[in-house]
Structure formats: C-alpha cells, structure tokens
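[1] Using only what follows, build the 3D model:
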Amino acid sequence: MTRFAMVALLTACAAGGVLLALLASPWWWFAAAPFVAVALTGVYDLVQRRHSVLRNYPVLGHLRFLMEALRPELQQYFVERNYDGRPFDRDTRSIVYERAKGVSAEEPFGSERDMDQRGYELLVPSMAPLEVPEEPPRVRIGGPDCGEPYDMALLNVSAMSFGSLSANAVLALNTGAARGGFAHDTGEGGLSEYHLRPGGDLVWEIGTGYFGCRTRDGDFDEKKFAEKAAHPAVRCVSLKLSQGAKPGIGGVLPGSKVNAEIASVRGVPEGETVVSPPYHRVFSTPRELVLFLARLRELTGGKPVGFKLCPGSRTQFLAVCKAMVAEGITPDFIVVDGAEGGTGAAPLEFADHLGMPLTEGLIAVHSALTGAGLRERIRIGASGKVATGSDIVKRLAMGADYTNAARAMMFAVGCIQAQRCHTNRCPTGVTTQDPRRARALDVVDKSARVTRYQQATVKSALRIMAAMGVRDPSQLGPHLLRRREDHGRFRSYAELYEWLSPGELLAGGPEGWAADWRAADPDSFAS
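    Coordinates of the predicted model:
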C-alpha cells in the first residue's frame, strides 16, 4: 500500500465514523475520534517538508522518533551490563543509591570486573591491616597568607550552580552538607538563599561571568564581592579558570531556566540565555592571575582562596608556578577537574576531545607544584567521576589531598542519569526550574540521603586505607596503586609516571620537564 493510499484509507475511516456519529448515535464519536486524529497526522506528515521519514512513511514514521526518545532508557535498563554503562555504570549508580538510603552496599558471588583486562587497577592490601579510625581525618586548607584556614572533609559537594540545579536540589545538598560537616561548592551561578539558608559550609565559586559580584557590564565588582564573601557560611573562595566538561568555553544557562529569582542572584536579565565568556576580564597573564588571587584573599579578610582548572598544557601551568615563585604568592588550594566531564552540558567535541583526564591532570599538577617547591603551601582537590571509597583512595594516592563529587551527589538526591539536564525537563526535579517537576524532590528525605552517602563513602575509603595498612591519607602514594599492563605484569603508578622531588625544577629538573619549565613564561599563557 502506498503512503497516499494509506492516508486516504485512514481519512475514509475517519469520515465514516464522523457520519455515523452525526446520523446514528453520538457514541460513534468514541470510535471516530482516534481515526480523525490519525488521519490528520497522516495528512500533515505528507505535506510537511522537515522530515523525509514522515513524508515517506506517514504516521508509521513517528515510531522512529518514539524509539529514538526511548533509546536511552531501553539501553540503560535492558541492554547495558552492570559494569559497562556510561558515563556511570549501573554498579556505581547502585552503590550510591544504596549508601544514600542507608542500605548495605555489599555484593555476593565475587566481582564482575574483568581483572585480566589491560588497564585494570588495584590497590595494594597489607599483610598487617589496621583498625579503621572512628573519626575521619580532615585536610587543613590555608597557606602562610591565609588568616582563616578551613578543615576540609575528604569528600565534598562539587561545583553545581543554582539555575543548573533546582532550588530544592540546592537546599537538599546544603542541608546534607550542614548535617554531615562537609563543604558545598556553589558553582559559578552565585550565592542564593538556598545555599545560605541551611547553614552548610560553602566554597563560593567565581566564574568568568562574576555572577553575584559583577557590574552591569559584566566586570568584577570588588565591593559586592567583599560584602558577600564576609558571610560566615562562605569558608573558601574558588576562582574557576575552566571546567572538565568544557575547558576553554564559558558556561551556558538556557533562557528558559533564567526566571526572576535566578536573574536576581546572578545579576542578569530575566528570560535571556546566560553565556559566561570563555576568559576572565580581570587578568590575562599568569602573573596577573596570581596577583588577583592575592587581592581576592585580601577582600575576604583572609579566607582561603584557590582556583579550579581542567589542565591541558603542562607549560601553561608551569607558567603559573613560575609566577607564584616570582611573586611569592600562592593560592591556598587548587581543584583539578578531569576532562571526563561533569554536570554541565557541553558540545560533544569539547566533552570528548579537550583537556586532560583527571589521572593525568592531577599527577601533572601535583608534580609541577612539587618540582617548583610549592606543594607544601597548596592543597589539591580532585574532581571528576569520584563516587566510591576506592575512587577517593586512588585520587589521594595520585597526589590529591581531598576530593569533590558532583554527579554522585546528584544520584544521592535522586538523579537517574536520564541525561536531560539541559532541557529543563529533568524527570526527578534535580536539574530543572519547572516548579511542577522540582516539587517532586523532597528536601527532608533527600538531604538525609546526601549525608548518609557522604559518610558511608568516606567510611569505605577509611576501611580501604586500613586494609592497606595506612593510618593517614598522607601515607598513601603512587606505589600503592597498580595497573595491569599485560597478562603477566602489573606496574605501580610510581613506575608509570614521572614524579618530581621537592624543588627539582628550580635546579633544572629531568629533561622533559626542564624543557617545559624553560618554555614557561610567567607573563604569558602561550603554550
């Protein structure tokens, strides 16, 4: 049957039903209505010019779009195995959900992972394991120029803005952080009442848009910044240079999400798409960056100040290190974001091809700071697909002092990895400004889940360290993390990567690093 014949048949059936409803009985409308709707759809499909599939297969062609819409759910629930889903596999999501609910996260019958596969990683257990400490250790954030140091937890809420997240999601995260005694990064969207109301410790992130501390034309406003940084809930300030999901471009908040409340918090027009510029206006060289960080710390009254980046060029980061050495100024912390991406929507090419993965980026930053003789003054946070206790331990072994999690915290408040974060149609109310969808997220219930998840995950990390014979995170090192190279050989991270000794770059350094160190210019970001 041709497409025209099918539409003609449907139209005839619809017309017959309408005639019977008019001439015989109104009950025929129940039979006629579906035929009328399908017939009108078929006629529209034939005359429209946007979709070739619908012109060739009127009505039936809609099944293609239906299956395409259902594909992510079908893939997630019926196709993928427990350990091969992306970005987070089912095993990882399940362990977060179970810990958030307070359910035992243990599994019977052994691992499903292929331990013979190249790239498989293991942590080295000890023949003399230790008792698990009752209280988790904390990391002191604050260098020699910091007047109000902060003790950071091993796992914290990573940067997610109000606007990207719903008000209820922000409330749940901050309430959970307040109860659990860990930090909550605001993201670059500004300080909202939902960040401040519960009383959780905040890391206020300042991005290229300077939201919450910007002038009308988008410049940095020192007065507004100082006023808000003085709030007792603001414990640290983080300057965002780049993020893992999209290094090199600014963030985008669709206009459909920019309601009056968000516009007020950010200082932008209501209903208009907000595009953060890819670069900062207040500095253009490594030296100016370092001086600006010192100015921010001064404006905060001495609170810890640092920056976040997704590393790319080792030479560029070494240029920042040279500027620190030259000026005698260091940030209190640096957060390394991995190119594995995060909660922010990004062009596929950026998400797939720009920036270093967290492992390489973290090791590069740690080694650069060590080689420049700066590591003891600066704490390093790791952010990128941290979800389990083993993730925390691995990142600490690679050189981090603490970790941040974004997507795992979203799972704790109900995210199901539907990957509709940027559409304003989040099915669980986490990443939407639609009040009808956001109301589905119960703050009391979800905030308790955030606290339980963080505490259980940190406890898991401590149990792993105890099994490795490690009393304190500072005792972890790359020799305790190993990767399978082939079927007969594991190599430790101490062997796989080049690790610098304190101050080694100042004395020249190994050949590869020495060339990059010579090329690094404290007055230019050129690679």
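
[2] quick one: contacts of the helix or strand in which G176 is found?
    Using DSSP states H and E, G176 maps to helix 167-180. Helix 167-180 is contacted from outside by 153, 156-157, 160, 162, 165, 183-184, 192, 194-195, 197-202, 261, 409-410, 412-413, 429-431, 438-439, 441-443, 446-451, 454-455, using Cβ atoms under 8 Å, 6 or more residues apart in numbering. Bear in mind the C-beta positions are built from the backbone N, C-alpha and C, glycine included.

[3] Produce a ChimeraX select command limited to the buried residues of these.
    Only the buried entries of the contacts of helix 167-180 go into this ChimeraX selection, using 16 or more other Cβ atoms under 10 Å:
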select :153,156,157,160,162,165,183,184,192,194,195,198,200,201,202,261,409,410,412,413,429,430,431,438,441,443,446,447,448,449,450,451,454,455
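
[4] returning to what we had before: so after the helix holding G176, what's the next helix or strand?
    Using DSSP H and E, the next helix or strand after helix 167-180 towards the C-terminus is strand 184-185.

[5] Return the list of helices and strands in contact with that next one.
    Contacts defined by 3 or more Cβ pairs under 8 Å, 6 or more residues apart in numbering; DSSP states H and E place strand 184-185 against strand 155-157, helix 167-180, strand 202-206.

[6] With mean pLDDT as added columns, please give those in TSV.
    As requested, the helices and strands packed on strand 184-185 are arranged in TSV below (pLDDT from 0 to 100):
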stretch	mean pLDDT
strand 155-157	98
helix 167-180	96
strand 202-206	97
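
[7] CSV please, covering the ones you listed and showing distance to G102.
    Converted to CSV, these look like this (distance: least, Cβ to Cβ, whole Å):
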stretch, distance to G102
strand 155-157, 17
helix 167-180, 13
strand 202-206, 26
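
[8] P26: which of those is closest?
    Closest of the helices and strands packed on strand 184-185 to P26 is helix 167-180, at 46.3 Å (criterion: Cβ to Cβ).

[9] Could you pull out the buried residues of stretch 458-467?
    V458, S460, A461, L462, I464, M465, A466, A467.

[10] for stretch 466-480, same thing?
    A466, A467, M468, V470, P473, L476, G477, P478, L480.

[11] Give me the residues contacting it.
    123-133, 137, 139, 154, 393, 396-399, 401, 465, 492-494, 496-497, 499.

[12] Can you check what angle separates the helix holding G176 from strand 202-206?
    Between the axis of helix 167-180 and that of strand 202-206 there is an angle of 130 degrees, by axes from the mean of the first three to the mean of the last three Cα atoms, to 10 degrees.

[13] among the buried residues of stretch 458-467, which two are most distant?
    Top of the distance list for the buried residues of stretch 458-467 (Cβ to Cβ): V458 and A467, 15.1 Å.

[14] in the protein, which helix or strand is least confident?
    The least trusted helix or strand in the chain, going by mean pLDDT, DSSP states H and E, turns out to be helix 3-23, with a mean of 66.

[15] helices and strands around the helix or strand following that helix, which ones?
    Per DSSP H and E, the first helix or strand lying C-terminal to helix 3-23 is helix 29-47. Applying 3+ Cβ pairs under 8 Å, 6+ apart, one finds that helix 29-47 contacts helix 3-23, helix 52-56.
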